[in-house]
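1. sequence unknown, structure follows:
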């Protein structure tokens, strides 16, 4: 087994031809870091007139007009414990997707079914919070003092909807909707670290950066499986938008520790867990995520002698 630039050459039987070379990805990362601020040889017109989509990576349009699924890139990390059992690194969100959608006002106030759907994704504690607290308290708890311009622009609309539901419409109120919801989630969703591209950022660089930001593990400790194509999780969210999550796969040594705390404003917990435990933690309706985990585990079982 050979390791070059943190990228481990394994599983040659399933190597696939592709347009980009993962073996050069870390070299590319170093090059980007060294040249990010060097625009001396780039014509001014090319820097400011050419549009580039950070979602699909294609020039000619922007993120907001992109027709492709909203894309995030991440990493599925694994290791072997002292009993030679394979473990996967999972992260638990700080807030459920449903809670964030609700607080941002991402719903039509007359769409009862959709509101119930996002309420059903919330934990019991989150549903209690929105019943007990006023909007400003919840908004501050969610974003703190550092609210992005995007979320700040949503604040008034979200507050108006929240207060209208609290007061009640003709046929239902926030309280009656919550009473109709049957789910009993005790914790937010579990999954794998991932995130959106920065400007002009390549997929692997994005996945490794997001992995380090969300888990605290340094990227140099990850041996990415070079010739295994990323696994894709494609689905339609509860907001009826299309999403695609791309995951690289990499191994971490058992003795490796995080070199910093995980991203507490987005993540509430990280955990190394067995395959069976991971299947239990991921919510059963996240079918695509469960299928990705099954596929990764099957491949690693088949080529276990390489690790």
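-> Great, that's in hand. Quick caveat, the model's predicted, so the values are computed rather than measured.
2. Output the below-cut-off pLDDT ranges for the stretch 101-250 of the chain.
-> Low-confidence segments of the stretch 101-250 of the chain (pLDDT under 70): 147-150.
3. Apply 90 and report the result again.
-> Regions of the stretch 101-250 of the chain meeting the criterion pLDDT under 90 cover residues 143-154, 199-200, 226-228, 233-244.
4. Helices of that one, start to end?
-> With helices called from DSSP state H, counting those that start in this stretch, the stretch 101-250 of the chain shows them at 112-121, 124-132, 135-143, 149-167, 174-180, 203-215.
5. How far off centre is the longest one?
-> Relative to the mean C-alpha coordinate of its chain, helix 149-167 is positioned 25 Å out (CA atoms, centre = their mean, to the nearest Å).
6. tell me what that helix is packed against?
-> Where contact means 3 or more CB pairs under 8 Å, 6 or more residues apart in numbering; DSSP states H and E, helix 149-167 is packed against helix 97-103, helix 135-143, helix 174-180. (Each C-beta comes from the backbone N, C-alpha and C, glycine too.)
7. Return the set of buried residues in that helix.
-> Of the residues in helix 149-167, those with enough neighbours to count as buried (16 or more other CB atoms under 10 Å) are 151, 154, 155, 158, 159, 161, 162, 165.
8. Kindly report the same for the shortest one.
-> Applying a neighbour-count criterion of 16+ other CB under 10 Å, one finds 174, 177, 178 buried in helix 174-180.
9. Turn the helices of the stretch 101-250 of the chain into TSV, columns for distance to residue 236.
-> Converted to TSV, the helices of the stretch 101-250 of the chain look like this (distance: least, CB to CB, whole Å):
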stretch	distance to residue 236
helix 112-121	12
helix 124-132	23
helix 135-143	25
helix 149-167	22
helix 174-180	23
helix 203-215	22
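10. List the contacts of the nearest residue to residue 142 once chain neighbours are set aside.
-> Closest residue to residue 142 in three dimensions, ignoring its sequence neighbours and counting by CB to CB, 6 or more residues apart in numbering: residue 103, at 5.6 Å. For residue 103, the contacting residues are 138, 139, 142, 158, 162, taking CB atoms under 8 Å, 6 or more residues apart in numbering as the criterion.
11. just residue 219 next, same as before
-> Contact analysis of residue 219 by CB under 8 Å, 6+ apart lists 6, 208, 209, 211, 212.
12. do you know how far the residue nearest to the spatial centre of the chain is from residue 246?
-> Per CA atoms, centre = their mean, the C-alpha nearest to the average position across the chain is that of residue 194, at 3.6 Å. Distance of residue 194 to residue 246, computed by CB to CB, to the nearest Å: 8 Å.
13. Which residues are in contact with each of the two?
-> Common contacts of residue 194 and residue 246, defined by CB under 8 Å, 6+ apart, comprise 72, 73, 74, 207.
14. ok, back up a step: export the contacts of residue 103 as a markdown table, with columns for distance to residue 79.
-> Converted to a markdown table, the contacts of residue 103 look like this (distance: CB to CB, whole Å):
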| residue | distance to residue 79 |
| --- | --- |
| 138 | 38 |
| 139 | 39 |
| 142 | 33 |
| 158 | 41 |
| 162 | 43 |
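15. In those residues, find the pair that's most separated.
-> By the measure CB to CB, these have their two most distant members at 142 and 162, which lie 12.0 Å apart.
16. Pull the most distant pair out of the contacts of residue 219.
-> Farthest pair in the contacts of residue 219, by CB to CB: 6 and 209, 13.5 Å.
17. pLDDT of stretch 273-288, averaged?
-> For stretch 273-288, the per-residue pLDDT values average out at 97.
18. which outside residues touch that stretch?
-> Counting by CB under 8 Å, 6+ apart, the neighbours of stretch 273-288 from elsewhere in the structure are 85-88, 90, 92, 185, 189-191, 233-235, 271, 289-290, 293, 297.
19. okay, residue 98: pLDDT?
-> Confidence at residue 98, expressed as pLDDT, is 96.
20. show me the contacts for the residue nearest to the centre of the chain.
-> Residue 194 makes contact with 72, 73, 74, 75, 207, 210, 214, 245, 247 under the criterion CB under 8 Å, 6+ apart.
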